[in-house]
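Undergrad: Here you go, sequence then predicted model.
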Amino acid sequence: MNPAGSGTTVPGGPAAPRPPVAGGAAGPPATSGPAAAAPPAPSGAAAPGRPPGRPRDATADGAIIEAVLRLLEEGATIGELSMERIAREAGVGKATLYRRWRGKEALMLDVMRSLDEGHPELAGESVRDDLVTLLEFIRRRALAKRHSALLRAVVAHVRAHPGLWKEYHDTVIQRRRELLLAVLRRGMAAGEIRATEDLDLLADLFVGPMLTRAMMHEWRDLPDGLSERIVDTVLDGVRPRD
């Protein structure tokens, strides 16, 4: 059994660390970006305009998420977890959980967000280098998922609930796609990419090979240098023609 915050043990390898949770055990620092600046707001939180009352204790949010991670690391399955057990492990009342999350599925969405690295930091100077940074972020995220039973379990649970997965897509994945589209627009403006190309299709051409290998062909290697090879191959095909 791993101590809280130590990460998930990988058979035949070192423990895979996980990011810190506000109010919980420390881990490696999150990457720069909007999502790294603050813990995720609880899903299903009360709507704006609720009557004023006692401010929510942010440390309780972190303690609850940390309790879920600790239980999963100790061998509990997501199906075995109940709001009562989570509250008991976190040392809070069940009502405290339901004031923050409408149910276990919404709580698991925020557990998944707590394991997320946020958004990659782009230098904003070279279009090629920024594209490589974005693909390298996907590659490293895929490697972390392959080596973390905890992350695989949480992702699988959220994906099994279409409403939660859509919320994660709209609040996290879409933001990363917008970063990619902004880099491609810069490339068009700088004359490095043909301005006649469809932006969404271009985005798919860059991330598609990495996502295919990472998600559909998990037995395929994700070696160092793969991001550079994909970017250079696609860029070579979409440069302006003389």
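TA: Great, that's in hand.
Undergrad: who does the helix or strand bottoming out on mean pLDDT in the chain touch, helix- and strand-wise?
TA: Sorting the helices and strands of the chain by mean pLDDT, DSSP states H and E puts helix 149-159 at the bottom, at a mean of 83. Secondary-structure packing of helix 149-159 (3 or more CB pairs under 8 Å, 6 or more residues apart in numbering; DSSP states H and E): helix 58-73, helix 104-114, helix 127-146, helix 162-168. Backbone N, C-alpha and C define where each C-beta goes, glycine included.
Undergrad: how about 6 Å then?
TA: Packing contacts for helix 149-159, counted by 3 or more CB pairs under 6 Å, 6 or more residues apart in numbering; DSSP states H and E, involve helix 104-114, helix 162-168.
Undergrad: Tell me which of these is the most buried.
TA: Here the criterion is mean neighbour count by mean count of other CB atoms under 10 Å, and of the helices and strands packed on helix 149-159 the winner is helix 104-114, at a mean of 22.
Undergrad: Dump the C-alpha coordinates for that one into CSV.
TA: In CSV, the C-alpha atoms belonging to helix 104-114 read as follows (Å, rounded to 0.1, in the frame of the first residue of the first chain):
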residue,chain,number,x,y,z
LYS,A,104,-20.0,10.5,-6.9
GLU,A,105,-19.7,10.9,-10.7
ALA,A,106,-19.3,14.7,-10.4
LEU,A,107,-16.7,14.2,-7.6
MET,A,108,-14.8,11.8,-9.8
LEU,A,109,-14.6,14.4,-12.6
ASP,A,110,-12.8,16.8,-10.2
VAL,A,111,-10.6,13.9,-9.1
MET,A,112,-9.6,13.5,-12.7
ARG,A,113,-9.0,17.2,-13.1
SER,A,114,-6.8,17.1,-10.0
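Undergrad: Dump the helices and strands packed on helix 149-159 to a markdown table, plus distance to Phe206 and mean pLDDT.
TA: Shown next, in a markdown table, are the helices and strands packed on helix 149-159 (distance: least, CB to CB, whole Å; pLDDT from 0 to 100):
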| stretch | distance to Phe206 | mean pLDDT |
| --- | --- | --- |
| helix 104-114 | 25 | 88 |
| helix 162-168 | 21 | 87 |
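Undergrad: Can you tell me which of these is nearest to Leu81?
TA: Between Leu81 and the helices and strands packed on helix 149-159, the tightest spacing by CB to CB is seen for helix 104-114, at 6.6 Å.
Undergrad: on contacts alone, who are the packing partners of the closest one?
TA: Helix 104-114 packs on helix 58-73, helix 149-159, going by 3+ CB pairs under 6 Å, 6+ apart.
Undergrad: ok, residues contacting the last one?
TA: For helix 149-159, the surrounding residues in contact (CB atoms under 6 Å, 6 or more residues apart in numbering) are 8, 72, 78, 108-109, 111-112, 115, 145, 164-165.
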